[in-house]
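Undergrad: this one's sequence-less:
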């Protein structure tokens, strides 16, 4: 691509599924051309220039766009997204974690003195497009037993949208993500309170489905845009 003007004259919306540094360079050009930009990289998710130098290894040149970008978690940022022209689309791991935990935090039910434990396994596509044996679905999909592969080394960068450190894993399925989250609630919080907070948060959100029993299955979200949240039984709260 030599000049974005060659592509943007008749374009209203641009989706950037590019590396962080590439999105960093292209997004301002498309914005200047009058396009709405959805960036699927981490180039605009965190409003902190030092973050990009420490974790992504490049100097962010557009602090004004970091201020302008709207975090694209639609269930919680719908009003801002309606008027945004730069949307920082969150990654799969933080999307699943935030959808689960944010209602409990905002509702004052979570004990914030103890970190939640997030056990997350994504499909092979979540490990990226690098040409590697570990990223090849045909190499990992026909194992005779269930295996989970660490999809990064212990020195993995901190992913934008997740606090602390994340060492993601990939399972033997092509896409989607399964997260089991264990957290400590404040003393006296009941199952009914948790269920009520989740219902108020997502009862009118068509892409988030709430289950109060059963076990989530990846097949229930393959080929659709939905997230499923399963609240454990009363015995576990």
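TA: Cool, the structure landed. This is a predicted model, so every value here is computed, not measured.
Undergrad: quick one, domains of this structure?
TA: Domains of the chain are assigned by the TED database as 4-88, 92-230.
Undergrad: run the chain-centre distance for the first one.
TA: Translated: domain 4-88. How far domain 4-88 lies from its chain's middle: 15 Å, per Cα atoms, centre = their mean, to the nearest Å.
Undergrad: mean confidence for it?
TA: Mean pLDDT, domain 4-88: 94.
Undergrad: and it, end to end?
TA: Domain 4-88 has its terminal residues 20 Å apart, counting by Cα to Cα, to the nearest Å.
Undergrad: over to stretch 177-195?
TA: Terminal residues of stretch 177-195 lie 23 Å apart, using Cα to Cα.
Undergrad: buried ones in it?
TA: Across stretch 177-195, burial judged by 16 or more other Cβ atoms under 10 Å covers 177-179, 183, 185, 189, 191, 193-194. Backbone N, C-alpha and C define where each C-beta goes, glycine included.
Undergrad: helix, strand, or coil at the residue of the chain positioned farthest from its centre?
TA: Going by Cα atoms, centre = their mean, the residue of the chain most distant from its centre is residue 6, 31.7 Å out. Three-state assignment for residue 6 (DSSP: H, G, I helix; E, B strand; the rest coil): helix.
Undergrad: if I look at residue 95, how far off is residue 122?
TA: Residue 95 sits 11 Å away from residue 122, going by Cβ to Cβ, to the nearest Å.
Undergrad: buried deepest among the domains of the chain, which one?
TA: Stretch with highest mean neighbour count among the domains of the chain: domain 4-88 (a mean of 16; mean count of other Cβ atoms under 10 Å).
Undergrad: for the protein, what's the longest helix?
TA: What stands out as the longest helix in the chain, according to DSSP state H, is helix 92-106.
Undergrad: let's test this: mean pLDDT of the next helix or strand after it, rounded?
TA: The helix or strand immediately downstream of helix 92-106 is strand 117-122, counting by DSSP states H and E. Averaging pLDDT along strand 117-122 gives 84.
Undergrad: next: stretch 210-224.
TA: Averaged across stretch 210-224, the pLDDT comes to 81.
Undergrad: can you give me the end-to-end span of that stretch?
TA: Using Cα to Cα, the end-to-end distance of stretch 210-224 comes out at 15 Å.
Undergrad: sorry, back to before: of the buried residues of stretch 177-195, which belong to helices?
TA: Going by DSSP H, the helices hold 191, 193-194 from the buried residues of stretch 177-195.
Undergrad: name the residues that touch stretch 35-52?
TA: Residues outside stretch 35-52 that contact it (Cβ atoms under 8 Å, 6 or more residues apart in numbering): 8, 11-24, 27, 30-31, 56, 58-60, 63, 65-67, 69, 71-72, 84-91, 159-161.
Undergrad: for the chain, what spans make up the strands?
TA: Secondary structure of the chain (DSSP state E): strands at 13-16, 36-39, 70-71, 86-88, 117-122, 149-150, 169-170, 177-182, 208-211, 227-230.
Undergrad: what lines up beside the fourth one in the sheet?
TA: Spelled out, it's strand 86-88. Strand pairing for strand 86-88, using DSSP bridges, gives strand 36-39 (parallel), strand 70-71 (parallel).
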